[in-house]
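J.: Sequence first, then the predicted structure, then my questions.
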Amino acid sequence: MLKKQKYTATTLAGLEEVLAQELIEIGADEVQIGRRSVYFSGDLKLLYKANYCLRSALRILLPIDSYKIHSADDLYQRGKNFKWEDLFGCDQTFAIQSTVFTDLFNNSMYASLKLKDAIVDRFRYKFGERPSVNSKNPDILINLHISNEYCTISLDSSGESLHKRGYRLDQNEAPMSEVLAAGLIRLSDWDRKSDLIDPMCGSGTIAIEAAMLANGIYPGSIRKDFCFRNWRNFNPEMFAQMEEEVQPNGIQPVRISASDISRRNIDIAYKNAEAAGVLKLIDFKISDFRVLEPVSEKPFLLFNPPYGERLTPDDTNFYSMIGERLKHHYTNATVWIISTPQCLKSIGLRPSRKISILNGSLECSFRKYELYSGSKKVAPEKDVAE
Ligand SMILES: C[S@@+](CC[C@H](N)C(=O)[O-])C[C@H]1O[C@@H](n2cnc3c(N)ncnc32)[C@H](O)[C@@H]1O
């Protein structure tokens, strides 16, 4: 029996429940929702699996010490007494990432610096030498979280954020985070079988994530780099076994269509889909949404139209064009759109669901519109939780 440990998976605000569901699906225990995070427990193999399989997680942290501090010096002293040498050696590089919500430190840089000094001083005292800091590509990434006087130190098993899947070779001017795209697809009620359309696909993130999800292709099959590979206890056989266990079994007959008005963006999306290994599963096309016809009887659309921080008259016209086009050409469609609440007001359709979500730092709304044939009406508003 492998030893069970407690872990924390971090995510974007609004995706906590999606992440919790994903964790349950991969076999995590004691799944508990936090703020932009989900706590869970499992063995070392589950830690590998979480990094490899989760689509809506940003990082998987292994808490190694947590305590109360009353001063910056408390952080230093406790950090100096911790047996860092059990976790890594002078021949490895490290970095510290801090999030700090406390009066004890003016900024997170200072907190990082205090902990870094403690680690370096301990190594020097014990071995006469110290590991170097590499903030760009460290072997060992340490996560420091201080909220009021509560301090938690964790090892970041992921390293680079998990939204960096490794398939984005190029991007348009406003690409969506891969984690957000995957989260939105799961938040929508897409059954992973019916045709999915992104008519404003930009660099293709929604289409690529949908193709991967429908076919059981996990993000880890593209990205090979995780910090846990540099840990002393890394077990390559266990990782290989996990990787074999989660291999997809066959291509699903699902049609995903992605179009955009910009030729350049379609070229980018095409290259990204190729890098993700899902090129065959997506039909790409250059098209203006003003003339785009649905490819199936009951289309399912999920997209993010362009939006600025402030609503302009052009935006108002653009969104009312989207509403008109949907009403007259997409009867029987289920449509999910993410944008700012101001822009979405101009669409002129009544949503049947609204979900608040942050896209970067911008407060957005993810709305569902159900269009019915004949009457050219939309379904009445039901669960509007925003
Ligand atoms: C916010 S971006 C979409 C980003 C995309 N989800 C991604 O991950 O890269 C909006 C996209 O809408 C496209 N667009 C703007 N007007 C359009 C129109 N009339 N028809 C089709 N696409 C349009 C832009 O070229 C841009 O790529």
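T.: It's in.
J.: Skipping adjacent residues, who's closest to Leu54 in space?
T.: Spatial nearest neighbour of Leu54, excluding adjacent residues (CB to CB, 6 or more residues apart in numbering): Glu22 at 5.3 Å. C-betas here are computed from N, CA, C, even on glycine.
J.: Pretty sure that neighbour sits in a strand.
T.: No - counting by DSSP: H, G, I helix; E, B strand; the rest coil, Glu22 is not part of a strand but helix.
J.: Who are the contact partners of it?
T.: By CB atoms under 8 Å, 6 or more residues apart in numbering, the residues touching Glu22 are Cys53, Leu54, Arg55, Ser56, Ala57, Arg186.
J.: mind putting the residues you listed in a markdown table, neighbour count, distance to the ligand and pLDDT included?
T.: Shown next, in a markdown table, are the contacts of Glu22 (neighbours: other CB atoms under 10 Å; distance: CB to the nearest ligand atom, whole Å; pLDDT from 0 to 100):
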| residue | neighbour count | distance to the ligand | pLDDT |
| --- | --- | --- | --- |
| Cys53 | 21 | 21 | 98 |
| Leu54 | 27 | 19 | 98 |
| Arg55 | 23 | 15 | 98 |
| Ser56 | 29 | 16 | 98 |
| Ala57 | 29 | 19 | 98 |
| Arg186 | 20 | 16 | 97 |
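J.: To what extent is Ser154 buried, counted in neighbours?
T.: If you count neighbours by other CB atoms under 10 Å, Ser154 ends up with 22.
J.: For it, list each beta-bridge partner.
T.: In this entry, Ser154 is beta-bridged to Pro63, Asn143, by DSSP bridges.
J.: List the residues that contact it.
T.: By CB under 8 Å, 6+ apart, the contact set of Ser154 is Thr8, Leu61, Leu62, Pro63, Ile64, Ile142, Asn143, His145.
J.: What's the separation between it and Glu293?
T.: Per CB to CB, to the nearest Å, Ser154 is found 51 Å from Glu293.
J.: that older thread, quick check: the two most widely separated of the contacts of Ser154?
T.: Thr8 and Ile142 (13.8 Å; CB to CB).
J.: between the two, which one's more packed in?
T.: More crowded of Thr8 and Ile142, by other CB under 10 Å: Ile142, with 25 against 20.
J.: Contacts only, for the more buried one.
T.: Taking CB under 8 Å, 6+ apart as the test, what Ile142 contacts is Phe94, Ala95, Ile96, Gln97, Leu115, Ile119, Ile153, Ser154, Leu155, Asp156.
J.: switch the cut-off to 10 Å
T.: Residues near Ile142 by CB atoms under 10 Å, 6 or more residues apart in numbering: 61, 64, 79, 84, 87-88, 94-98, 112, 115-116, 119, 153-156, 227.
J.: and what of Arg367?
T.: So Arg367 contacts 335-339, 341, 344, 347, 349-355, 384, 386 (CB under 10 Å, 6+ apart).
J.: any idea of the pLDDT on the residue nearest to it when sequence neighbours are not counted?
T.: Among residues not flanking Arg367 along the chain, Pro351 sits closest, at 4.0 Å (CB to CB, 6+ apart). Pro351 carries a pLDDT value of 97.
J.: Which residue comes closest to the residue in the stretch 101-250 of the chain that the ligand sits nearest to once chain neighbours are left out?
T.: Here the stretch 101-250 of the chain gets closest to the ligand at one residue, Gly202, 2.6 Å apart by CB to the nearest ligand atom. Leaving aside its chain neighbours, Gly202 sits nearest to Asn172 (4.3 Å; criterion: CB to CB, 6+ apart).
J.: again with Asp315
T.: Cys343 (5.4 Å).
J.: if we can go back for a sec, next, the residue nearest to Arg367: secondary structure please.
T.: coil.
J.: how about the chain, which residue sits the furthest from its center?
T.: Going by CA atoms, centre = their mean, the residue of the chain most distant from its centre is Gly128, 41.2 Å out.
J.: and the stretch 201-350 of the chain, which of its residues are near the ligand?
T.: 201-203, 205-206, 260-262, 265, 288-290, 304-306 (CB under 6 Å from any ligand atom).
J.: neighbouring contacts of the helix or strand harbouring Lys327?
T.: Lys327 belongs to helix 313-329 when assigned by DSSP states H and E. For helix 313-329, contacts defined as CB under 10 Å, 6+ apart pick out 199-200, 289-294, 299, 301, 303, 305-308, 311-312, 333, 335, 337, 339-340, 342-349, 369, 371, 376-378.
J.: Just the buried ones out of those residues, please.
T.: Taking 16 or more other CB atoms under 10 Å as the criterion, what is buried in those is 199-200, 289, 292, 294, 299, 301, 303, 305, 307, 311, 333, 335, 337, 339-340, 342-344, 346-347, 349, 369, 371, 378.
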